[in-house]
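Engineer: sequence first, then the predicted structure:
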Amino acid sequence: MTSPKRLLLVEIHDARPAEAETIDRLRSLAAETGAGRPALLVTPEWGGARASRRALARLVTPSDTPVLHGLTHDAPPSAFERLLYGDAMGSEFARLGRQEARERIRRGRLLLGEATGRRVEWWCAPRWREPRHVRGLLAELGFEGTLGRRALLLSSGQTHAAPVLSFDHGTRHIVVAANRLVRRLRLGPLLRSARIVRVALHPRDATSPSTVAEVRNLLAALTSGGFVPVDLATIAGGA
Ligand SMILES: [Zn+2]
């Protein structure tokens, strides 16, 4: 069998037990197009509150690839983010020193790994923001790689260009509308020339009928454009 030329990865971000039902809805939305092996980005101590082991275990299904998505997804409020997005977007790792970053990654991985019995080999920084030293740390800790904003960055040093389409840009209508327009403009070039496209879904997306409709249309456009839904391991394996 020849491997597909164009790959689609669905990512479900900000997974935590308090949003378990919403995460299920996002999973079903992705599965409608056959993209049923999503990367599930889990934050084990969302907002600083530790989730129970059982609740974390229930959150991750066998078809998900667990990805550690920070420890708390919390950060001191930034005036810029509040102004632009109407929300503190929780760039937990943006300003962390090496020691603190290492401790949080180690702790988060332990909690998620122990709860699920799965090896946690992938990392994505909250809001994709992290200092350079985090990549070295992940390689030291034996992670396969990072889901960056524009690429999958493997600890081996290999990089797969993999732009991400995301729908959650806070609560300010003008910013949300501007980003919807940007997505529409990006779709044509991606359909023409991208090899890998990632679609990032967030819990807030499931609460907006217009976003749900947009996600459906986008996934349909990608799959009819020849993109085949795959899991992270398939991309990392150089498909
Ligand atoms: Zn996030």
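Structural biologist: Done, it's in. Only a predicted model underlies this, so the values are computations on that prediction, with no experimental measurement involved.
Engineer: return the residues in contact with the residue lying closest to Asp64 once chain neighbours are set aside.
Structural biologist: Spatially, and ignoring its direct neighbours in sequence, Asp64 is nearest to Leu40 (3.8 Å; Cβ to Cβ, 6 or more residues apart in numbering). Using the backbone N, CA and C atoms, a C-beta is placed for each residue, glycine as well. Counting by Cβ atoms under 8 Å, 6 or more residues apart in numbering, Leu40 makes contact with 12, 15, 23, 59-61, 64-67.
Engineer: quick check: residues of this structure near the ion?
Structural biologist: Neighbours of the ion within the chain, by Cβ under 5 Å from the ion: 13-14, 126.
Engineer: next SSE after the lowest-mean-pLDDT helix or strand in the chain?
Structural biologist: Lowest mean confidence among the helices and strands of the chain (mean pLDDT, DSSP states H and E): helix 79-85, at a mean of 61. As assigned by DSSP states H and E, the chain's next helix or strand after helix 79-85 is helix 98-116.
Engineer: can I get that following helix in PDB, CA atoms only?
Structural biologist: The C-alpha atoms that make up helix 98-116 are tabulated as PDB, following Å, rounded to 0.1, in the frame of the first residue of the first chain:
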ATOM      1  CA  ARG A  98      14.600  26.100  32.400                       C
ATOM      2  CA  GLN A  99      14.300  24.600  35.900                       C
ATOM      3  CA  GLU A 100      10.600  25.500  36.400                       C
ATOM      4  CA  ALA A 101       9.700  24.400  32.900                       C
ATOM      5  CA  ARG A 102      11.400  21.100  33.500                       C
ATOM      6  CA  GLU A 103       9.600  20.500  36.800                       C
ATOM      7  CA  ARG A 104       6.200  21.300  35.200                       C
ATOM      8  CA  ILE A 105       6.700  19.000  32.200                       C
ATOM      9  CA  ARG A 106       8.000  16.200  34.400                       C
ATOM     10  CA  ARG A 107       5.100  16.500  36.800                       C
ATOM     11  CA  GLY A 108       2.400  16.800  34.000                       C
ATOM     12  CA  ARG A 109       3.800  13.800  32.200                       C
ATOM     13  CA  LEU A 110       3.900  11.700  35.300                       C
ATOM     14  CA  LEU A 111       0.200  12.600  36.200                       C
ATOM     15  CA  LEU A 112      -1.000  11.900  32.700                       C
ATOM     16  CA  GLY A 113       1.100   8.800  32.200                       C
ATOM     17  CA  GLU A 114       0.100   7.200  35.500                       C
ATOM     18  CA  ALA A 115      -3.600   7.900  35.000                       C
ATOM     19  CA  THR A 116      -3.800   6.600  31.500                       C
END
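Engineer: what's next to that helix, contact-wise?
Structural biologist: So helix 98-116 is in contact with 42-45, 50-51, 53-54, 56-57, 60, 66, 68, 70-72, 92-93, 96, 118-120, 123, 130-131, 133-134, 137-138, 141, going by Cβ under 8 Å, 6+ apart.
Engineer: which of those residues fall in strands?
Structural biologist: Under the assignment DSSP state E, those contribute 42, 66, 68, 123 to strands.
Engineer: measure the third one to Gly237 for me?
Structural biologist: So the one you mean is Leu68. The span separating Leu68 from Gly237 equals 20 Å under the rule Cβ to Cβ, to the nearest Å.
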